[in-house]
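Student: Sharing a model prediction with you, sequence too.
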Amino acid sequence: MHRASDTRAPWRARLPIAAALLGLLCALALAVAAANAAPTPPAEEAPLNPNSDPPSFVVIQTDDQTLDGLYARFSAYPGAPETRAMPNTLDLIGKRGMTFNRYYVPYPLCCPSRTSLLTGRYSHSNGVKGNNQPNGGYTGFSFRAAATHNIATWLQGAGYRTIHAGKFLNGYGDPPYDDGTSVPPGWDAWYGIVNADTHHYFYGYTLNINGQLSGPFGDPGSWTTREYGVRDDFTCPAEPINGPCNQVDDKMSEIARGEMLATPPDQPFYVQIDYAGPHGDFRRPAGPEPAPRHYDWFKGARHPHSRAEGFDEGNVSDKPRFIRDAPHLTPVEKRIYRVYYQKQLDSLRTIDDGVKTILDTLGQMHRLRNTYVVFTSDNGFFFGEHRLLGGKFLAYEPATHMPFLIRGPGIKPGSETGELAANIDVAPTLLELAGVEADKSFDGRSLVPYLEDEDLRSRRPILFESFVETNDVEANGAFRGNGGNASASRSGGGKATASLLAPPKDYAGIRLGPYKYIAWPTGEKELYNINKDPNELNSLHRDPNFFPIRNFLHRQMKRLTTCVGRECRETTPKLPLTRREFQRFQAKKRKEIREREREREKARRGRERNGPR
């Protein structure tokens, strides 16, 4: 036994060597095979959405809501608990996602703004330039490419279930151009408010439900008394006592919830909820009609801006003539629009409940982790800033600087960005997140890089433009009277206050860096440093120090007024220095040159003293 064991020992000793040689040969063979094979492409960068399934989307859009309304707080008396206008929106979307602090609408008028969100194009590019039909409004939209090339048609074509609930575009259902039974292309589930801008009903409205007219929902009351007939129970929408709940914004939240629940679990959806509030109606009191459970929550709240912040602005010598000619606000106007603002905040609480309903429904469906939720507004509203009441359509901050919050997979909770963004960026952003390509170019750009990196910045400007007509304004301006009629008292004919102050047609402007520049067709100009003057009280356009900035912005603005596609997305060169900055720069350079000359002279003298060696 020992002899046999001794004879096998050398062979056992050689086994590790053989195994090592075999491993080396295998590795060599694999290396040769890899060298002859096709090169492996580099791994693609992981998308923002970490989920494997396509994401769903919910876009919540309000009507005439200002940025102030989103963050409004009110205490009935010193030391009383604060009431926030939109706590659910801020906590469930803002704190769980990203806030774009510099989001603008280029054309602050209902139909053009909403069309830009749908198409990703400026109004001069998509062709829908006003509220009124036949060239503007729903009819103007329906015969242009915007109707068949928008976020709904693109996502529907990619297999998404598309759902719309609420107001669509001005003139929808208004004869003689539209009978309210049409369903725009791209929508699988359609609940459109008919005659939304003709009546502004919060009760008694008619809905187009997938092509069939239904309603009225509630009692519109009387145009004579300007009172609704029957309002919802205080317990709506949770536990109605005397019948169904019909307040329009509660109804839109209910519809959106039902349609989301009805979507097959394996199908992504796109939901757009266009709330009627906080746009005013033509019923008492001034402003919108909130749900009864929110009546007078903000009674006593003051105007959103003080006199020092531009309310009933005292010195308007730096403003264009149509504002310089405007009288100061009367006590009646101030009182009416203070009530209007309070009712807007009441109405926003109703919408805020709807936001919670939507988020709760997504959680119930186990879809919240793979859904992007957007909150924004189509345009703002003037509550006495620069002596303006009841309108929008101007490039000033209360009309153009809007809320934009977004939460969803991959977005850092509680993040904020100061990157300039606009409604033309919404469609390209959502399509990139969905992995869907559009069949038409965008004027806007995807915001996905800025969702990934909140510190990222660019010099892409935003254009302001307007093609507003007087009838656009009259149909959508101030509250039409309540006791002392503010509209009639100012215009003398019962027309909207804003129509008296309508600007010259076709103004243009630009937002870039800290600056906003506006050029009127009358030759008048305005220039503001928004970082230092957020209330736009002191125009810099006549200050020679800012002439280089003004001239640069004017050239960039002119380029954008006719841009289409890629040209609209191009970044600008760096802003020029102001005259004083340039003078300081020159003085610094001269000083540096003198110092270098002194050093050279000092070195030369040193060489002369030391002499040759």
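Tutor: Yep, it's here. Numbers count the residues shown, from 1 in each chain.

Student: so residue 213 makes contact with residue 205?
Tutor: No - applying CB atoms under 8 Å as the test, residue 213 and residue 205 come out as separate, 11.1 Å apart. C-beta coordinates here come from the backbone N, C-alpha and C atoms, glycine included.

Student: Distance-wise, check residue 86 relative to residue 402.
Tutor: Going from residue 86 to residue 402 by CB to CB, to the nearest Å gives 14 Å.

Student: residues near residue 521, how many?
Tutor: Using other CB atoms under 10 Å, residue 521 has 11 other residues around it.

Student: er, residue 101 I mean
Tutor: Residue 101 has 15 neighbouring residues, counting by other CB under 10 Å.

Student: you'd agree it is up against residue 420?
Tutor: No - using CB under 8 Å, residue 101 is not in contact with residue 420; the gap is 9.8 Å.

Student: Give me the below-cutoff pLDDT ranges for this structure.
Tutor: 1-47, 469-504, 612-613 (pLDDT under 70).

Student: how about a cut-off of 50?
Tutor: Filtered on pLDDT under 50, the chain yields the residue ranges 1-22, 24-46, 474-501.

Student: residues touching residue 61, list them.
Tutor: 114, 117, 272, 273, 274, 275, 376, 377, 378 (CB atoms under 8 Å, 6 or more residues apart in numbering).

Student: Assumed it was part of a strand.
Tutor: Yes - secondary structure assignment places residue 61 in a strand (DSSP: H, G, I helix; E, B strand; the rest coil).

Student: Tell me how many other residues crowd the residue nearest to it when sequence neighbours are not counted.
Tutor: Leaving aside its sequence neighbours, residue 61 sits nearest to residue 274 (CB to CB, 6 or more residues apart in numbering; 5.0 Å). Residues contacting residue 274 under the criterion other CB under 10 Å number 22.

Student: Now do the contacts for the residue nearest to residue 82 when sequence neighbours are not counted.
Tutor: Take residue 82 and drop its neighbours on the chain: the residue closest to it by CB to CB, 6+ apart is residue 73, 4.8 Å away. Taking CB under 8 Å, 6+ apart, we find residue 73 in contact with 82, 83, 84, 85.

Student: Can you tell me which of those are buried?
Tutor: Neighbour counting by 16 or more other CB atoms under 10 Å classes 83, 84, 85 among those as buried.

Student: any idea how far the first one is from residue 296?
Tutor: Here the distance between residue 83 and residue 296 works out to 11 Å (CB to CB).

Student: now swap in residue 462 and tell me
Tutor: On the measure of CB to CB, residue 462 and residue 296 end up 38 Å apart.

Student: The two - which one has more neighbours?
Tutor: Comparing residue 462 with residue 296 by other CB under 10 Å, the one with more neighbours is residue 462, at 25 against 10.

Student: quick one: the strands in the stretch 401-550 of the chain?
Tutor: For the stretch 401-550 of the chain, applying DSSP state E, counting those that start in this stretch gives strands covering 401-402, 404-407, 415-417, 421-422, 462-465, 508-512, 515-519, 525-529.

Student: do you know which of these lies nearest residue 314?
Tutor: Nearest to residue 314, of all the strands of the stretch 401-550 of the chain, is strand 525-529, at 17.1 Å by CB to CB.

Student: Flag every buried residue along the helix or strand hosting residue 332.
Tutor: Residue 332 belongs to helix 331-364 when elements are defined using DSSP states H and E. Neighbour counts over helix 331-364 (16+ other CB under 10 Å) mark 333-355, 357-359, 361-362 as buried.

Student: Can you name the next helix or strand after it?
Tutor: Note on helix 331-364: by DSSP H and E, the next helix or strand toward the C-terminus is strand 371-377.

Student: Return that next one as PDB; C-alpha atoms alone will do.
Tutor: C-alpha atoms of strand 371-377 as PDB (Å, rounded to 0.1, in the frame of the first residue of the first chain):
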ATOM      1  CA  THR A 371     -46.800  58.100 -12.600                       C
ATOM      2  CA  TYR A 372     -45.700  61.600 -13.300                       C
ATOM      3  CA  VAL A 373     -48.100  64.200 -11.900                       C
ATOM      4  CA  VAL A 374     -47.900  67.800 -13.100                       C
ATOM      5  CA  PHE A 375     -49.600  70.900 -11.600                       C
ATOM      6  CA  THR A 376     -49.800  74.200 -13.400                       C
ATOM      7  CA  SER A 377     -52.000  77.000 -14.600                       C
END
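
Student: Quick check: next helix or strand after it?
Tutor: helix 397-400.

Student: Pull the residues that contact that following helix.
Tutor: Helix 397-400 is contacted from outside by 66-68, 104-106, 108, 304-305, 379-383, 385, 391-394, 464, 530, 534-536, using CB under 8 Å, 6+ apart.

Student: what separates that helix from the chain centre, distance-wise?
Tutor: Between the centre of helix 397-400 and the centre of its chain there are 12 Å (CA atoms, centre = their mean, to the nearest Å).

Student: Flag every buried residue along stretch 207-225.
Tutor: 207, 208, 215, 217, 218, 220, 221.

Student: separation between residue 247 and residue 233?
Tutor: 10 Å.

Student: Name the residues contacting each of the two.
Tutor: With CB under 8 Å, 6+ apart, residue 247 and residue 233 have common neighbours residue 292.

Student: who's more crowded, these two?
Tutor: residue 247 (27 against 18).
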